[in-house]
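Asker: after the sequence you'll find the predicted model.
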Amino acid sequence: DQQVKQNSPSLSVQEGRISILNCDYTNSMFDYFLWYKKYPAEGPTFLISISSIKDKNEDGRFTVFLNKSAKHLSLHIVPSQPGDSAVYFCAASAYNQGGKLIFGQGTELSVKP
Amino acid sequence: DVKVTQSSRYLVKRTGEKVFLECVQDMDHENMFWYRQDPGLGLRLIYFSYDVKMKEKGDIPEGYSVSREKKERFSLILESASTNQTSMYLCASSKGTDFYGYTFGSGTRLTVV
């Protein structure tokens, strides 16, 4: 049972435009959400996070939006740059799961010059 | 710079072999995790550990075991490797319930032939 789902395996965007990556979850106990970025031959690195008490968190070109009623979150990258090309993983955790993260399938973003 | 080091980047093993994947962190983190990454399935948790000599099963523990004799080292063991264990294996560590504090290693690409 996939508790965290990223239904788009890939996304292609033109440089300078907005990239929107989506993530859905099923477990209502999740209270913390994160996005990780992974380049080939490297481990994932933390990008941005959001607590369930917020609906938006922004860090430079990256913004994460959380819609708890829809159990949906999205990552917006504006403007997109070729160096953003990577696989993006959505992850979630519940307070009572002691820091264990549940990851989605990942979305491969390609930003074309 | 903090690090999670996985002993091998690439491994090729034969079916039925016993395989050891080693992970060492230098951050004095309590928590350590083993994930495998497969196309379309994302990162799936195999085993994790909150302290020395402690271990917990993740979502897909079958065919694997782990060992944590020292705080900094977490080993993943494939008792009898099979071809369906061909995958990218990622080790991570974190401190307490620091959800965005996951630090990943670079991964080990294991091929079982």
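Answerer: Perfect, I can see it now. Residues are numbered from 1 along each chain as shown, chains lettered A, B, ... in the order given.

Asker: phi, psi of the one residue in chain A that gets nearest to chain B?
Answerer: Residue nearest to chain B within chain A: A:Gly43 (3.0 Å; CB to the nearest CB). Every C-beta, even on glycine, is put in place using the N, C-alpha and C of the backbone. Main-chain dihedrals, A:Gly43, degrees, to the nearest 10: phi -80, psi 160.

Asker: tell me the bridge partners for the closest residue to it other than its chain neighbours.
Answerer: Distances taken as CB to CB, 6 or more residues apart in numbering or on different chains place B:Phe104 nearest to A:Gly43, at 3.0 Å, with adjacent residues excluded. Here B:Phe104 sits in beta bridges with B:Ala92, going by DSSP bridges.

Asker: residues in contact with the residue most central in space within chain B?
Answerer: Ranked by distance to the mean C-alpha position of chain B (CA atoms, centre = their mean), the top residue is B:Trp34 at 2.9 Å. Listed by CB atoms under 8 Å, 6 or more residues apart in numbering or on different chains, the contact set of B:Trp34 reads B:21, B:23, B:45-48, B:58, B:64, B:66, B:74, B:76, B:89-91.

Asker: phi and psi next, for it.
Answerer: Main-chain dihedrals, B:Trp34, degrees, to the nearest 10: phi -120, psi 130.

Asker: from B:Phe74, how far out is it?
Answerer: Distance from B:Trp34 to B:Phe74, counting by CB to CB, to the nearest Å: 7 Å.

Asker: and for these two, which residues touch both?
Answerer: Shared contacts of B:Trp34 and B:Phe74 (CB under 8 Å, 6+ apart): B:Cys23, B:Val66, B:Cys91.

Asker: tell me the residues of chain B that contact chain A?
Answerer: Applying CB under 8 Å from any CB of the partner chain, we find that chain B lies next to chain A at B:4, B:9, B:31, B:33, B:35, B:40-45, B:48, B:50, B:58, B:90, B:92, B:94, B:96-107.
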